[in-house]
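Enquirer: Only the shape, not the letters, is given here:
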């Protein structure tokens, strides 16, 4: 089998990283600049890196984050009550391994969604399956799925996520249906997976927001006790960017 046939076979088998490395290293291998063992090792490493990169791309696309955000671009110098050391520790994603939750609260424009997206991005890079939802749009979506009976499949998908990001919790008072739906989602994930919630409202007001005292107790007991909290302060980051 000649070189062209080998490249075609690599393409057919979707060994794209190996194909690229093979093309690059053919000259070096033929001229004796690297050993056969080194050549095989380089091909293997190239294929591994290519697969990991493609996996990360798929995870990021599937997550549907609100922002294309990164930890490096977060502003820690604006009196935001944001501990850089703590955030860097969270970016290591140990909280996902420990099945812990994160609650991010703060006023409008404080950067809650951006930070949640940045930490979610890091989780995808680490190899975790993440999904971002605006919580009110999620409620609406599941109600629509009930029309054809497919809401159970969506809820099961949510249950299996390594990290669930629920953004903008508290913009609307929960009605009975949404209250029970939230309880089901949180109950399914409790002690098994991590959930990150952002809200303009302080945690102290969540009980009132949820409405039903018994259901509120059940939801908050499962969210808060295993949660790390980030309580942002200061003015709107959007306004600061505009004025800058």
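Expert: It's in. Quantities reported herein were computed from a predicted structural model and do not represent experimental measurements.
Enquirer: Strands of this protein, residue ranges please.
Expert: 101-105, 130-134, 163-169, 194-199, 227-231 (DSSP state E).
Enquirer: nearest residue to the residue nearest the centre of the chain other than its sequence neighbours?
Expert: For the chain, the residue nearest the mean C-alpha position is residue 120 (2.9 Å; CA atoms, centre = their mean). The shortest distance from residue 120 to any non-neighbouring residue, by CB to CB, 6 or more residues apart in numbering, is to residue 130 (4.8 Å). For the C-beta atoms, the positions are set from N, CA and C on the backbone; glycine is no exception.
Enquirer: swap in residue 228?
Expert: residue 102 (5.2 Å).
Enquirer: was I right about that neighbour contacting residue 198?
Expert: No - counting by CB atoms under 8 Å, residue 102 sits too far from residue 198 to count as a contact (9.0 Å).
Enquirer: Common neighbours of these two, please.
Expert: Between them, residue 102 and residue 198 share these contacting residues under CB atoms under 8 Å, 6 or more residues apart in numbering: residue 116.
Enquirer: So between these two, which is more surrounded?
Expert: residue 198 (28 against 22; other CB atoms under 10 Å).
Enquirer: what residues are up against the more buried one?
Expert: Residue 198 neighbours (CB under 8 Å, 6+ apart): 103, 104, 105, 112, 113, 116, 165, 166, 167, 168, 169.
Enquirer: possible to save the residues you listed as TSV with distance to residue 207, neighbour count and pLDDT?
Expert: Shown next, in TSV, are these (distance: CB to CB, whole Å; neighbours: other CB atoms under 10 Å; pLDDT from 0 to 100):
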residue	distance to residue 207	neighbour count	pLDDT
103	14	21	97
104	18	26	97
105	14	23	95
112	20	24	94
113	23	20	94
116	22	25	95
165	22	28	97
166	17	23	97
167	20	23	96
168	18	18	94
169	13	24	94
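Enquirer: May I see the residues you listed arranged in CSV, with distance to residue 179 as well?
Expert: Listed next are these as CSV, based on distance: CB to CB, whole Å:
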residue, distance to residue 179
103, 18
104, 22
105, 20
112, 22
113, 23
116, 23
165, 20
166, 14
167, 18
168, 17
169, 12
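Enquirer: Where does the record place the domain boundaries for the protein?
Expert: By the assignment in automatic domain parsing, the chain contains the domains 3-61, 64-243.
Enquirer: most packed of the ones you listed?
Expert: Among the domains of the chain, ranked by average contacts under mean count of other CB atoms under 10 Å, first place goes to domain 64-243 (a mean of 17).
Enquirer: Now do the contacts for residue 11.
Expert: Contacts of residue 11 by CB under 8 Å, 6+ apart are residue 19.
Enquirer: what's the answer for residue 158, then?
Expert: Taking CB under 8 Å, 6+ apart as the test, what residue 158 contacts is 131, 164, 185, 188, 189.
Enquirer: again, but for residue 96
Expert: 123, 126, 128, 162, 163, 194.
Enquirer: Find the residue closest to it in space, skipping its chain neighbours.
Expert: Residue 96 sits nearest to residue 194 (CB to CB, 6+ apart), 4.8 Å away.
Enquirer: quick one: the one you found and residue 90 touch, right?
Expert: No - the pair residue 194 / residue 90 is not scored as a contact, 10.6 Å apart, by CB under 8 Å.
Enquirer: which residues do the two both contact?
Expert: By CB under 8 Å, 6+ apart, the residues touching both residue 194 and residue 90 are residue 102.
Enquirer: Can you give me the distance of residue 142 to residue 72?
Expert: Counting by CB to CB, to the nearest Å, the gap from residue 142 to residue 72 is 35 Å.
Enquirer: Thank you, goodbye.
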